[in-house]
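*Asks:* Quick check, what structure comes out for this input:
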Amino acid sequence: MIFPKATISEIIGLLEAVNDSGGIEDAARLAADFDLDLQEILPSIDGAELLGFAVVTDGNIELTADARKLLDSGIRERKNIIREKVAGAEIIKELRNKLLESEDHRMKKEDALKFVQERISSDDIESYFRIIINWTRHAGLIGYNSDAEEICLMAKA
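*Replies:* Down below sits the predicted model:
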């Protein structure tokens, strides 16, 4: 699976919509309910699967126990669950390891883009970079300083 172009907020929104439908919902019906094409929600579905929050079988999206726990949790616990799940995504694990190995736990954006390009074959690496930063910021793992154009491990990481 290519890394999904969906923000954490979009993924959580999808999980909440499926939860409102009893924990299992037909993907096409869910898209239609939101007046979207199925293609428009696929990245969120892929993200939910990648993070272990959903299983898709025969077009049905079903929440996992981890998704139910996330949705039933308060903000602090949600942060912890998301942090754990995001930290387990392979490309993010590799990026964090690369940052841990660097002397100051920082990496120039240009180098981070090259890192992503080596793992995701796309002409739109900038979009993937923004999504990875969205996930890692949301999880409190990796931050981005736009003035310095560099990523860094967040203090708690």
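
*Asks:* most remote residue from this structure's center?
*Replies:* Using CA atoms, centre = their mean, the residue of the chain lying farthest from its centre is residue 103. It sits 26.8 Å away.

*Asks:* Regarding it, what is its secondary structure?
*Replies:* Secondary structure, DSSP: H, G, I helix; E, B strand; the rest coil: residue 103 is coil.

*Asks:* From here on, call the first residue 46.
*Replies:* From this message on, residue numbering opens at 46, which makes the last subject residue 148.

*Asks:* So what does it have for phi and psi?
*Replies:* Reported as degrees, to the nearest 10, the phi and psi values for residue 148 are phi -60, psi -40.

*Asks:* Can you give the contact residues for stretch 119-136?
*Replies:* For stretch 119-136, contacts defined as CB atoms under 8 Å, 6 or more residues apart in numbering pick out 48, 53, 95-98, 111, 114-115, 118, 137-138, 141, 161, 164-165, 177, 180-181, 183-186. Where you see a C-beta, it was placed from the backbone N, CA and C, and this is true even at glycine.

*Asks:* Which of the residues you listed are buried, as a ChimeraX select command?
*Replies:* In ChimeraX, this line selects whichever of these come out buried by 16 or more other CB atoms under 10 Å:
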select :48,53,95,96,98,111,115,137,141,161,165,177,180,181,183,184,185,186
